[in-house]
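**Student:** Let me see the structure of the following:
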Amino acid sequence: MYLLLAYVLVPWAWSEHERPVHLAPGSLPKVTHSADGIPGDPLNVGLVGSREQVVRAVLAAGWRPADPITFKTSVEIAGSVAFDRPDPDAPVSNLYVFGRRQDLTFEQEVGSSADRRHHVRWWKTSELDDGGRPFWIGDASFDVSSGLSHDTGEITHHIAPDVDAQRNQLMADLNGAGQFQRQYQIMGVGPTQDGRNAGGDRYYTDGMLSVGVLEVTTFPTEAIGPESNQ
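**Tutor:** Residues are numbered from 1 along each chain as shown. Next up is the predicted model:
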C-alpha cells in the first residue's frame, strides 16, 4: 500500500493538478519539475559557455560530478547515509526542465556522508550569447537531511530553505577560482517567502537568478566523459 500510494497514486494526483508550463519562444523557465510534473526547486543560477567550459569551471571551483542513478550507486548512497560514510560522487535525483532531466550534475559533500551536501543541476538552453556560446540554467540547493517526501512519501533528500545562500556560494566558488569574465543577475522565479519544492520542502528567495559569463578557455573533451548525467 505504501509503494502504491507514494510512488503511483500521489504523484499521479499531483501531475493532474499542476502540469509544467510550455515555454514561449525565447523565454526561460522559473522552476524545475519532478518526473510527475510536480514543481521542484527554483532555477537560480546560470552560466554562459560551452559544455567543456562549464565542466572545467565547476571542477576548478572544487565541485565533483555526481554519479548517474543506477542500482549500484543507489545502494552506495543508501549505505553512506545509513552508516555515516563518505560518498562524494553520490547520485542526485533527477529533475526536469524543457521536458528532460539535467544535462550535468555536481556536488560537494559536507561532513562524513552524502546526507548533507551542496549540489547543482545544469540544463543547456537554446539561448546563445553574441559569441554563439550557449546559456546554461541551473538549480543550486543544499541537502540538509534525507527522509520521506512531505508531498508523496517517496524517499528523498530535504533541502535547506535559504536557496539564495547556496546560489551565492556556488557563484563565489566559481569567481574565486577565476572562472568568470563578468557576473550579472536577471529575474528568476521572483521573490517568495513560502515556496515549496517537489519534496514538499519550504524555500525562500529574493527570486533572482545569478549568471556568470565564463572565461573563454578550452578543456580536453576526453577528460569530460560522454554526454550524460556526469
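**Student:** Wait, a strand at residue 32?
**Tutor:** Yes. Inclusion of residue 32 in a strand is indicated when DSSP: H, G, I helix; E, B strand; the rest coil is applied.
**Student:** For it, give me its contacts.
**Tutor:** Going by Cβ atoms under 8 Å, 6 or more residues apart in numbering, residue 32 touches 39, 40, 41, 42, 43, 95, 96, 97, 121, 139, 198. No exception for glycine: its C-beta is placed from N, CA and C like everyone else's.
**Student:** Assess the claim that residue 35 and residue 94 are in contact.
**Tutor:** Yes. With contact defined as Cβ atoms under 8 Å, residue 35 counts as touching residue 94 (6.7 Å).
**Student:** more neighbours, the two?
**Tutor:** Between residue 35 and residue 94, residue 94 has the larger neighbour count (other Cβ atoms under 10 Å), namely 17 against 13.
**Student:** so what's that one up against?
**Tutor:** Neighbouring residues of residue 94 by Cβ under 8 Å, 6+ apart: 35, 69, 101, 102, 229.
**Student:** can you give me the strands for the chain?
**Tutor:** Secondary structure of the chain (DSSP state E): strands located at 31-33, 39-42, 45-48, 64-65, 96-97, 100-101, 104-109, 117-128, 134-148, 155-159, 180-187, 192-196, 202-205, 208-214.
**Student:** Residue 169 is nearest to which of the ones you listed?
**Tutor:** Minimum separation from residue 169 across the strands of the chain (Cβ to Cβ) falls at strand 117-128, 6.9 Å.
**Student:** List the buried residues of that closest one.
**Tutor:** By neighbour count on 16 or more other Cβ atoms under 10 Å, the buried set for strand 117-128 is 117, 118, 119, 120, 121, 122, 123, 124, 125.
**Student:** nearest to residue 215, of these?
**Tutor:** For those, the closest approach to residue 215 (Cβ to Cβ) belongs to residue 122, at 17.3 Å.
**Student:** my read: that closest one touches residue 97, true?
**Tutor:** No. With contacts counted by Cβ under 8 Å, residue 122 stays clear of residue 97, the gap being 9.6 Å.
**Student:** Name the residues contacting each of those two.
**Tutor:** Common neighbours of residue 122 and residue 97, counting by Cβ under 8 Å, 6+ apart, are residue 137.
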